[in-house]
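> What follows is a predicted structure for the sequence shown.
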Amino acid sequence: MKYKHLFIVLLSLGTISKSFSQEEPRRVITTAVPFLLIAGDARSSGMGDQGIATPVDAFSQQWNPAKYAFSETRSGFGLGYTPYLRELVTDINLGQLSYFNRINQRSAFAGSIRFFGLGGVELRETADQVPREVEPNEFAVDLSYALRLNEKFSMAVTGKFIRSDQKIPGLGGDATAANTFVADISAFYRGEEVFYNNFNGRWRFGGAIQNIGPKIKFDDAGQENFLPTNLKLGAGHDFILDPSNTIGLYVEFNKLLVPTPSDSNGDGVINREDDWANEGEFSAIFSSFGDAPDGFSEELKEVTWAIGAEYWYEDSFAFRVGYFNESEEKGFRQFLTLGAGFKYSSINIDASYLFSTTPVQNPLEGTLRFSLTFNIGDNAYIEY
């Protein structure tokens, strides 16, 4: 992959939300290490990239590890693979490995590794020079602990180490990768099964604040970059039609808790000289709810939402559909997803596919994603 291709990749990631309208400057929020926001498993990506209030699985570590305290499986691990920007290049991929273990009736721990490879980049100063190839990459390692506070409610804390190695040696400055530690706090509520006239049902609610930590920079003299600190809230309801047929409907809302870029000094340009770039990372968590120049209406535009549904037959075959929406002024990511799953014994195989519904092409357009789950100790815990 040539250097210009790396530029395209970094532009795509660094502006994970981008509008292509040039009528006026767009106050699109961008952060460092946005690979943390990419769905790493095919089950959640099949439901519109959501998982905060869906039933627990091996990949709940990315979405809401508090769900592990409700797992009927003693332990399990999952492997997810996501090709990225496949219509441009063939060597950019996201891989994720997750593991969880429900220690007892009240608690569980889990961990995961996410690796985002940006492919090979050929470096040369002249056209006839023998190129030197480097492979920029990013990865995150995290551990979580979930505790069930009562029969219906649990919480979890997560510690995460992030390393972003995107520096290009020989282009000035040092080539030190950016490293940082962050924390997540999450909660999950699962109601009791309720008997209705023609079916049974169950409510689920979830919430999390993720990637709480300091800004990062790639060299001593470089600019500081906000992490993708974000708030997730979601709800869902399971329609248990009979022992063989279950339908789950889910909705999720997400807001980045980082400053809205704005022209505070009135020079007509939004850049690092403005106040938003110098906001403290922790104070920004609170000020991000009211710092948009156009007030509450613009704050609402910074909230993305997703809806999804999952149908299970005989707890062995699943079909999924979802839709993700982002305001046109804040990125214009809008897409439809389809997914399917198959369970045989202790193995789950899931796949998903994405269709953009706007002129802005998604980096995952036309990409088939897969994930594989191995469950150990099925039905070790009985949950009602």
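Arrived safely. Residues are numbered from 1 along each chain as shown.
> Please make it C-alpha for all contacts and neighbour counts, starting now.
Noted.
> Can you pull out the low-pLDDT segments for the stretch 51-200 of the chain?
122-127, 129, 167-175 (pLDDT under 70).
> where do the strands sit along it?
75-83, 93-102, 107-117, 121-123, 132-134, 137-148, 153-165, 178-190, 194-195, 200-212 (DSSP state E, counting those that start in this stretch).
> Validate this expectation: Leu231 resides in a helix.
No: applying DSSP: H, G, I helix; E, B strand; the rest coil, one finds Leu231 to be strand, outside a helix.
> Can you tell me the closest non-neighbouring residue to it?
Sequence neighbours aside, Ile209 is the residue nearest to Leu231 in space, at 4.6 Å (criterion: C-alpha to C-alpha, 6 or more residues apart in numbering).
> what's the answer for Val269, then?
Asp263 (6.1 Å).
> Can you tell me how far the residue sitting nearest the centre point of the chain is from Asn211?
The chain has Leu37 as the residue nearest its centroid, 2.9 Å off, counting by C-alpha atoms, centre = their mean. Look at Leu37 and Asn211: by C-alpha to C-alpha, to the nearest Å, they are 10 Å apart.
> same check, this time on Ile240
In terms of C-alpha to C-alpha, Ile240 sits 35 Å off from Asn211.
> still on that earlier bit, what confidence value was assigned to the residue nearest to the centre of the chain?
With respect to pLDDT, Leu37 scores 92.
> from now on call the first residue 459
Done: numbering now begins at 459, and the last item shifts to Leu495.
> So what does it have for phi and psi?
Taking degrees, to the nearest 10, you get phi -90, psi -10 for the backbone angles of Leu495.
> now it: how far from Asn712?
For Leu495, the distance to Asn712 equals 11 Å [C-alpha to C-alpha].
> Could you do Phe747 as well?
As defined by C-alpha to C-alpha, Phe747 lies at a distance of 12 Å from Asn712.
> what do you get for Glu841?
From Glu841 over to Asn712 the distance is 29 Å, taken as C-alpha to C-alpha.
> Pick out whichever of those two has more residues nearby.
Asn712 (20 against 10; other C-alpha atoms under 10 Å).
> Contact partners for the nearest residue to the more buried one once chain neighbours are set aside?
Take Asn712 and drop its neighbours on the chain: the residue closest to it by C-alpha to C-alpha, 6+ apart is Lys690, 4.6 Å away. If you count contacts by C-alpha atoms under 8 Å, 6 or more residues apart in numbering, Lys690 has them with Ile510, Gly664, Gly665, Ala666, Ile667, Glu710, Phe711, Asn712, Lys713.
> hmm, 7 Å instead?
Taking C-alpha atoms under 7 Å, 6 or more residues apart in numbering as the criterion, Lys690 is in contact with Gly665, Ala666, Ile667, Phe711, Asn712, Lys713.
> what would the residues you listed look like in a markdown table with distance to Ser702 and pLDDT?
Output for the contacts of Lys690, formatted as a markdown table (distance: C-alpha to C-alpha, whole Å; pLDDT from 0 to 100):
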| residue | distance to Ser702 | pLDDT |
| --- | --- | --- |
| Gly665 | 30 | 97 |
| Ala666 | 32 | 97 |
| Ile667 | 36 | 96 |
| Phe711 | 30 | 97 |
| Asn712 | 33 | 96 |
| Lys713 | 37 | 95 |
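> Any idea how far stretch 664-677 is from the middle of the chain?
Between the centre of stretch 664-677 and the centre of its chain there are 13 Å (C-alpha atoms, centre = their mean, to the nearest Å).
> Dump the C-alpha coordinates for it into CSV.
The C-alpha trace of stretch 664-677 is given here as CSV (Å, rounded to 0.1, in the frame of the first residue of the first chain):
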residue,chain,number,x,y,z
GLY,A,664,-27.9,-0.8,29.7
GLY,A,665,-25.5,2.1,30.0
ALA,A,666,-21.8,2.9,29.9
ILE,A,667,-19.2,5.6,29.9
GLN,A,668,-16.2,4.4,28.0
ASN,A,669,-12.6,5.4,27.3
ILE,A,670,-12.3,7.8,30.2
GLY,A,671,-8.7,9.0,30.2
PRO,A,672,-6.1,11.6,29.4
LYS,A,673,-5.4,13.0,25.9
ILE,A,674,-2.7,11.4,23.9
LYS,A,675,0.0,12.8,21.6
PHE,A,676,2.5,11.1,19.3
ASP,A,677,5.6,13.1,20.2
